[in-house]
Structures are given as C-alpha cells and as structure tokens.
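Enquirer: everything below, folded, please.
(one chain, ligands or ions: 1)
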Amino acid sequence: MSAPPRQKRLTPSDIAALKNQRPIVSLTAYTTPMARLMDAHCDLLLVGDSLGMVLYGLDTTVGVTLEMMIAHGQAVLRGVTRACVIVDMPFGSYQESREQAFRNAARIMKETGCDGVKLEGGTEMADTVAFLVERGIPVLGHVGLMPQQVNTSGGYRSKGHDDAEADKVRRDASAIAQAGAFALVIEGTVEPLAREISQRLACPTIGIGASPACDGQILVSDDMLGLFNDFKPRFVKHYAELANVISKAIETYASEVKARQFPGPEHTFKPRGRS
Ligand code: KIV
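Expert: From the prediction side, this is the model:
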C-alpha cells in the first residue's frame with residue numbers, strides 16, 4: 001500500500017529556504033474562516049497563544065491551556081491548503097523537562113495535523129529544542145520579548161537597549177538556532193540587534209516589533225485589522241479599522257430592529273405558492 005501524498009502545504013524546510021530569497025509573510029490565525037482568508041497570502045500561519053488575550057479576554061498568555069491551543073489549531077488546519085501552520089506551546093506545557101515538551105508537542109502535532117510548534121526561550125530551552133528536533137518535531141523559536149515570561153521579566157518592554165540585554169538576546173538567538181530551530185521569531189527588539197542577529201544566523205528570523213531587518217514579518221491579525229481601538233503599540237500598523245466597521249454595523253442593525261425596518265420582505269419566508 002502506498003502512502004497518501006503529503007498535502008501541498010509549505011513545510012518548515014520551505015520556510016527556512018526563503019532566507020535570502022524574499023521576506024516571509026506571516027500572521028496569527030485562530031479560526032477556520034480567518035485561516036481561509038489568509039491562506040493564499042501568507043507563508044506561515046501561527047496559532048499563537050496570543051489567542052488568550054485576543055479571543056478569551058485574558059490579561060496575559062499565562063492562562064492559555066494545551067486544550068485551547070489544540071482546539072484552535074484544529075480549526076485553523078481546517079481552513080488551510082497552502083500555508084505552513086505552526087502551533088504555539090502554551091505556558092507550562094514545555095518548561096518542566098524536555099520529555100514533557102516532547103509529549104505535549106507530539107500531542108499538538110497528532111491532534112491538529114500542524115507542521116511544527118513554537119516555544120519561547122533562549123539558552124535555557126536550547127537542550128529542549130534539540131531534543132524535539134532530533135525526534136521529528138520542527139520548532140520555531142521565539143526570543144527577545146517573551147510574553148510568557150511577563151511575570152518575571154518586568155512587563156512588555158522592548159529588548160536590547162543596553163549591552164547586557166543585547167548580549168542576552170544575542171546568546172538566546174544563537175543557542176536556539178544552533179539547537180536546530182527552522183526559524184526564529186524575534187519580538188520587541190531594537191533594530192541594530194535584530195539586524196545583526198538576522199545577518200549572522202543561517203535560519204530566517206521573523207520579526208514582530210523587531211524592524212524591517214528581519215527575514216520576515218508577523219503580526220497578531222486582530223491588531224493589524226484594527227479590531228482593538230484601545231490597543232495600538234508602535235510596531236502595529238492598522239491595515240483596516242474593523243472595530244469601527246463592526247460597531248457601525250451593529251449600531252445600524254440595532255436601530256433597524258427597533259424601527260421594525262429589519263427584517264424586510266426580502267428576508268421573510270412566505271408560504272409556498274403565494275407571491
Ligand atoms: O502568540 C503570538 O501571537 C505570538 C506572536 C506575537 C509571534 O507569539
């Protein structure tokens with residue numbers, strides 16, 4: 001019996017091969033309809049643990065569970081035929097030991113059908129990244145600002161402003177690349193440092209708040225679509241103002257319902273045989 005052909009999605013190796021070819025286009029995705037809209041335009045879709053804030057109203061990503069990531073990973077995979085899909089490992093699902101990381105990463109891959117996992121961390125996670133990669137799990141690293149460490153790192157501050165901080169990001173990036181990550185997210189990091197790391201590493205860097213010097217860019221999709229009027233950090237560009245569009249639509253609906261203008265005759269079922 002021959003094996004079924006692998007789906008035509010881009011693989012982590014395809015993403016790695018884009019280094020020095022063209023910038024990698026990436027967004028976060030959490031649901032099937034949004035994944036369908038993004039699939040034709042993005043190389044990589046990340047089912048990010050930012051879903052804790054974006055979809056569930058949590059203050060940080062710390063409360064996100066493996067079950068939440070798997071449910072949204074499955075939803076995104078249902079909407080994708082082309083993009084490479086990576087699922088974030090949530091806080092507490094990989095830091096304890098490399099065995100715990102493998103068990104949970106394998107569960108994510110089996111239950112969602114995704115192409116790899118992302119985990120946050122630098123030198124302290126390098127051994128775990130190597131353990132996963134050697135056992136068949138593609139890993140996207142994540143260094144610089146690491147939101148899962150918000151409770152010990154002094155909040156959401158950009159990194160690389162002094163020598164000690166820059167040196168830590170530098171060492172973290174090298175350790176994760178050396179451990180075999182196919183690419184590296186660099187978050188919230190000053191431009192000269194992001195540039196130096198991107199030029200030095202063989203694997204591509206994907207920046208969020210880390211300057212155009214990275215090998216690709218990622219944004220939280222709901223941020224770039226302007227779904228949050230009260231949150232616009234410097235590194236986010238609004239490509240649409242959907243919060244305004246949605247509130248205007250809901251306001252119009254409410255006023256039409258109150259005025260009995262909706263539903264109109266065209267939205268109303270008539271008994272068959274009568275016009
Ligand atoms: O969870 C997420 O959305 C992320 C991106 C910010 C890279 O990790």
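
Enquirer: show me where the stretch 151-275 of the chain has its helices.
Expert: In the stretch 151-275 of the chain, the helices defined using DSSP state H, counting those that start in this stretch lie at 163-178, 191-200, 221-224, 242-258.

Enquirer: compare the ones you listed and report which one is nearest to the ligand.
Expert: The ligand lies closest to helix 221-224 among the helices of the stretch 151-275 of the chain, at 8.8 Å (C-beta to the nearest ligand atom). Yep, even glycine has a C-beta here, placed from its N, CA and C like the rest.

Enquirer: what is that closest one packed up against?
Expert: Applying 3 or more C-beta pairs under 8 Å, 6 or more residues apart in numbering; DSSP states H and E, one finds that helix 221-224 contacts strand 24-28.

Enquirer: what's in contact with the strand it packs on?
Expert: Residues outside strand 24-28 that contact it (C-beta atoms under 8 Å, 6 or more residues apart in numbering): 15, 18, 38, 41-48, 50-51, 54, 183, 204, 206, 215-222, 224.

Enquirer: export that strand as PDB, just CAs?
Expert: The C-alpha trace of strand 24-28 is given here as PDB (Å, rounded to 0.1, in the frame of the first residue of the first chain):
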ATOM      1  CA  ILE A  24       8.500  35.600   4.800                       C
ATOM      2  CA  VAL A  25       4.800  36.700   5.200                       C
ATOM      3  CA  SER A  26       3.200  35.500   8.400                       C
ATOM      4  CA  LEU A  27       0.200  36.300  10.600                       C
ATOM      5  CA  THR A  28      -1.500  34.800  13.600                       C
END
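
Enquirer: give me the next element, helix or strand, following it.
Expert: The first helix or strand that comes after strand 24-28 along the chain, using DSSP states H and E, is helix 32-39.

Enquirer: tell me the first helix or strand C-terminal of that next one.
Expert: In the C-terminal direction from helix 32-39 (assignment by DSSP H and E), the next one is strand 44-47.

Enquirer: close to the ligand, is the next helix-or-strand element following that following strand?
Expert: Next along the chain after strand 44-47, taking DSSP H and E as the criterion, comes helix 51-54. No. Applying C-beta under 6 Å from any ligand atom, one finds helix 51-54 separated from the ligand by no less than 7.3 Å.

Enquirer: switch the helices of the stretch 151-275 of the chain over to TSV; also include mean neighbour count and mean pLDDT.
Expert: Below are these laid out as TSV (neighbours: other C-beta atoms under 10 Å; pLDDT from 0 to 100):
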stretch	mean neighbour count	mean pLDDT
helix 163-178	18	97
helix 191-200	18	98
helix 221-224	21	97
helix 242-258	12	98
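
Enquirer: now tabulate those in CSV and tack on distance to Leu58.
Expert: As requested, these are exported to CSV (distance: least, C-beta to C-beta, whole Å):
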stretch, distance to Leu58
helix 163-178, 25
helix 191-200, 28
helix 221-224, 14
helix 242-258, 19
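
Enquirer: which residue is nearest the middle of this protein?
Expert: Leu46 (3.1 Å; C-alpha atoms, centre = their mean).

Enquirer: just checking, that one touches Ile86?
Expert: Yes. Counting by C-beta atoms under 8 Å, Leu46 does reach Ile86; the two are 5.2 Å apart.

Enquirer: and Gly207, how close does it get to the ligand?
Expert: Using C-beta to the nearest ligand atom, to the nearest Å, we find Gly207 at a distance of 9 Å from the ligand.
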